[in-house]
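Engineer: sequence first, predicted model second:
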Amino acid sequence: MRILILRLSSLGDIVLIQPVCAWLRARYPEAEIDVVVKRQFIELIPLMGCELHALAYEKSLKAHLALRNPRYDLLLDLHHKLSTIILRIAANARRSSVYNKQRRMRLRIIQGNKDLAIASTTELYKSALDKIYQAVELPSPKLYVPQDLPLPDLPITSKRILIFPGATHNTKRYPAIYYQILLKNSPKDWQYILLGSASEWDLCESIRAESNALNLCGKLDFPHLLKLIASSDWVISSDSGPMHIAAALSVPQIAIYGATHPRLGFAPQNPYAHLLVAELECQPCSLHGSKHCPRKHFKCMHQIEVSQILGILQEDESR
């Protein structure tokens with residue numbers, strides 16, 4: 001049995017396909033399961049614990065034709081965009097299934113319908129399996145930390161808190177000034193570590209200034225990043241890929257929502273998650289965020305107070 005799964009990006013979406021991969025591995029223990037992702041996510045696939053083989057997405061004709069021989073028995077398109085449609089055609093699998101994005105429902109949510117909600121994006125991915133199999137039940141996403149990796153040399157502290165301040169779009173980012181206030185008003189024996197891609201180094205440096213926080217942006221590969229997250233006491237982030245990584249590791253977390261909303265299917269699947277949402281009439285205003293607030297007030301983020309974050313962290317300490 002040869003299975004091909006297509007999910008090119010992004011970080012969080014790839015994490016959320018893990019339950020589908022795990023279900024297929026359990027059903028077909030001897031199967032060869034390939035997953036096509038963009039090259040920057042190749043290291044993430046082995047951490048899903050399903051004996052998966054990662055294939056780097058390339059736009060070349062040669063790479064597309066290589067998917068045809070030997071022929072795949074099953075192909076699941078969990079991205080469903082033009083690039084994966086072309087990949088499906090090229091692979092010519094014996095059987096294919098595409099997941100239901102629920103575009104119309106998500107559009108209605110963005111347009112202001114407060115009664116609609118998508119349980120999770122993983123449930124949407126399950127729709128590709130439901131078209132073929134009966135009684136499919138998926139667990140929450142799970143990632144596996146390599147046990148033989150050393151942690152970075154970090155100070156001994158009473159509480160280690162990781163902050164991922166970045167996001168692809170500005171309206172998903174909690175303003176840096178509030179993170180600065182959080183660091184300034186936290187107990188001195190709490191160790192904050194700022195993380196993200198190399199392109200977010202300057203953002204994290206602006207937050208770190210005049211504090212004892214560490215900036216490790218762009219310094220860790222996926223295995224070491226997971227090791228650090230799993231060893232932390234808390235993770236604070238926006239609605240972003242690291243949010244889903246923390247959830248898949250069952251680490252206590254605070255997720256801050258701006259332009260998006262958990263009802264779009266973006267809630268972390270983690271019993272230890274605290275979601276901070278202003279619940280404005282105009283929220284959510286987009287599916288993935290945008291460069292500027294459409295109403296130019298950005299109240300969805302400004303109404304999330306630093307004291308709310310501190311209260312959650314301090315409540316945990318008092319238990």
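Structural biologist: Nice, thanks for sending it over. Residues are numbered from 1 along each chain as shown.

Engineer: can you get me a residue count around the residue lying closest to residue 239 once chain neighbours are set aside?
Structural biologist: Residue nearest to residue 239 in three dimensions, not counting chain neighbours: residue 260, with 4.8 Å by C-beta to C-beta, 6 or more residues apart in numbering. The way it works is simple: take the backbone N, C-alpha and C, and place the C-beta from them, glycine included. Here the number of neighbours of residue 260 (other C-beta atoms under 10 Å) works out to 27.

Engineer: and the gap between residue 260 and residue 207?
Structural biologist: Distance of residue 260 to residue 207, given as C-beta to C-beta, to the nearest Å: 22 Å.

Engineer: how about residue 244?
Structural biologist: Counting by C-beta to C-beta, the gap from residue 244 to residue 207 is 22 Å.

Engineer: same question for residue 191.
Structural biologist: As for residue 191, its distance to residue 207 is 14 Å (criterion: C-beta to C-beta).

Engineer: ok, residue 236 next?
Structural biologist: As defined by C-beta to C-beta, residue 236 lies at a distance of 11 Å from residue 207.

Engineer: can I assume residue 203 sits in a helix?
Structural biologist: Yes - counting by DSSP: H, G, I helix; E, B strand; the rest coil, residue 203 falls inside a helix.

Engineer: residue 285 contacts residue 169, doesn't it?
Structural biologist: No - the criterion here is C-beta atoms under 8 Å, and residue 285 misses it with residue 169 at 11.0 Å.

Engineer: overlap in contacts of those two?
Structural biologist: Common neighbours of residue 285 and residue 169, using C-beta atoms under 8 Å, 6 or more residues apart in numbering, are residue 259.

Engineer: the helices in the stretch 1-150 of the chain, which residues?
Structural biologist: With DSSP state H, counting those that start in this stretch as the criterion, the stretch 1-150 of the chain has helices at 11-15, 18-27, 61-65, 82-91, 103-110, 121-130.

Engineer: which other helices and strands contact the first one?
Structural biologist: What it means is helix 11-15. helix 241-248 (3 or more C-beta pairs under 8 Å, 6 or more residues apart in numbering; DSSP states H and E).

Engineer: how about the contacts made by residue 12?
Structural biologist: Neighbour list for residue 12: 240-241, 243-245, 266 [criterion: C-beta under 8 Å, 6+ apart].

Engineer: the same query, at a cut-off of 6 Å, please.
Structural biologist: 241, 244 (C-beta atoms under 6 Å, 6 or more residues apart in numbering).

Engineer: burial measure for residue 293, as a count.
Structural biologist: Burial of residue 293 is recorded as 18 neighbouring residues (other C-beta under 10 Å).

Engineer: now it. Nearest residue, chain neighbours left out?
Structural biologist: residue 171 (5.8 Å).

Engineer: residue 244 and residue 207: which is more packed in?
Structural biologist: Comparing residue 244 with residue 207 by other C-beta under 10 Å, the one with more neighbours is residue 244, at 29 against 21.

Engineer: please look at that one and residue 13 and confirm they touch.
Structural biologist: No - when contacts are counted by C-beta atoms under 6 Å, residue 244 is not listed as touching residue 13 (8.3 Å).

Engineer: from residue 227, how far out is residue 56?
Structural biologist: Distance, residue 56 to residue 227, by C-beta to C-beta: 24 Å.

Engineer: look at the two and report which has more neighbours.
Structural biologist: A direct count of neighbours by other C-beta under 10 Å for residue 56 and residue 227 places residue 227 higher, at 20 against 13.

Engineer: what about the more buried one, which SS state?
Structural biologist: Residue 227 ends up helix, using three-state DSSP.

Engineer: hmm, residue 147 and it touching each other?
Structural biologist: No - taking contacts as C-beta under 6 Å, residue 227 lies outside contact range of residue 147: 8.8 Å.

Engineer: and for residue 132, the neighbour number?
Structural biologist: By other C-beta under 10 Å, the residues close to residue 132 number 12.

Engineer: which non-adjacent residue is nearest it?
Structural biologist: residue 97 (5.5 Å).
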